[in-house]
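>>> okay, here's the prediction I keep looking at, along with the sequence it came from:
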Amino acid sequence: MFSGPSFRRYLIYAFSIFSILLTAFIGYGLERSRFPTILVSFSLFFGCYSALLWLSRKQTAPFRYFITLGILLRVMLLFNLPNLSDDVFRFIWDGRMWLQGVHPFSVTPAQW
């Protein structure tokens, strides 16, 4: 009853949908101060990834499907500011300093 290529395909779709939901939750719903939630979310995401690898070992899902899933997961986070790291603002500062010909570690924002 629960074996064969069709059931395997449904499991792949289920783990894919769960990965999409976890990506949305990690990208848009987490705060840096909630470490246990971050740990559980990333562990579940790794579990989904491992399950997808294990289920696709017999080529039940086409390669194009996984390429599309990977692109979709990245596009979901394309317009999101990183909420787990403040380094993005440091990178913006470094880029603006380099464009003006100033080494970014030679001055601080307060000195500028």
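Great, that's in hand.
>>> give the buried residues for whichever helix in the chain runs longest.
Longest helix of the chain, by residue count under DSSP state H: helix 5-28. Within helix 5-28, the residues that count as buried by 16 or more other CB atoms under 10 Å are 8, 11-12, 15-16, 18-19, 22-23, 26-27. All C-beta atoms are positioned from the backbone trio N, CA, C, and that covers glycine.
>>> so which elements touch the next helix or strand after it?
For helix 5-28, the following helix or strand on the C-terminal side (DSSP states H and E) is helix 35-55. Applying 3 or more CB pairs under 8 Å, 6 or more residues apart in numbering; DSSP states H and E, one finds that helix 35-55 contacts helix 5-28.
>>> what comes up buried for whatever helix or strand residue 69 lives in?
Assessed by DSSP H and E, residue 69 sits inside helix 63-76. Burial within helix 63-76, assessed by neighbour count using 16+ other CB under 10 Å, is assigned to 65, 69, 73.
>>> right, and the second one touches residue 15 too?
No. Counting by CB atoms under 8 Å, residue 69 stays clear of residue 15, with 9.9 Å between them.
>>> now the residue most central in space within the chain: how far from residue 56?
Per CA atoms, centre = their mean, the C-alpha nearest to the average position across the chain is that of residue 23, at 5.6 Å. Residue 23 sits 18 Å away from residue 56, taking CB to CB, to the nearest Å as the criterion.
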